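Trainee: When you get a sec, could you give me coordinates for this:
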Amino acid sequence: MVKLVKLISGEDIFCEVESIKDLVAHEALIRMKHPMVLMPLGQGPDGKTAMTFIPWLQVADNSNVEVRAAHVLLVADVTNAKLVNAYQAKTGGIVTAQPCQVPQLAPPG
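Mentor: Next comes the predicted model:
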């Protein structure tokens with residue numbers, strides 16, 4: 001499940017939380033898989049701001065990252081289907097099909 005991890009620095013990171021390890025007393029680590037952040041692309045033709053996901057760490061292996069739990073304010077489930085699908089499309093995850101209406105065809109003849 002895609003999670004939103006908010007750091008004390010104010011960064012919002014979208015990821016899959018793989019594990020929470022307690023290495024020593026009061027020193028827990030949160031292991032994040034494919035951490036991504038939302039980046040604005042500019043204004044679209046509809047007047048809304050277009051966004052995309054980019055890797056949180058630009059110059060490092062971004063597949064698994066560990067962060068000290070003391071630097072995390074919260075971890076929450078992402079329930080917005082468009083955000084979840086966009087994240088999964090960028091990270092190679094399974095994208096959930098969205099329901100749509102199929103127009104009825106007129107009978108031949």
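Trainee: Helix or strand for Y87, just tell me which one.
Mentor: helix 81-91 (DSSP states H and E).
Trainee: I'd like to know which elements that helix is packed against.
Mentor: With contacts defined as 3 or more Cβ pairs under 8 Å, 6 or more residues apart in numbering; DSSP states H and E, the secondary structure elements packing on helix 81-91 are strand 27-43, strand 49-55. Every C-beta, even on glycine, is put in place using the N, C-alpha and C of the backbone.
Trainee: got the angle for that helix vs strand 49-55?
Mentor: 40 degrees (axes from the mean of the first three to the mean of the last three Cα atoms, to 10 degrees).
Trainee: lowest-pLDDT helix or strand in the chain?
Mentor: Every helix and strand of the chain was ranked by mean pLDDT, DSSP states H and E. The lowest is strand 12-24, at a mean of 84.
Trainee: Check which residues of stretch 30-44 are buried.
Mentor: Buried residues in stretch 30-44, counting neighbours by 16 or more other Cβ atoms under 10 Å, are found at I30, M32, K33, H34, P35, M36, L38.
Trainee: any weak-confidence spans in the protein?
Mentor: By pLDDT under 70, the low-scoring segments of the chain are 23-26, 93-109.
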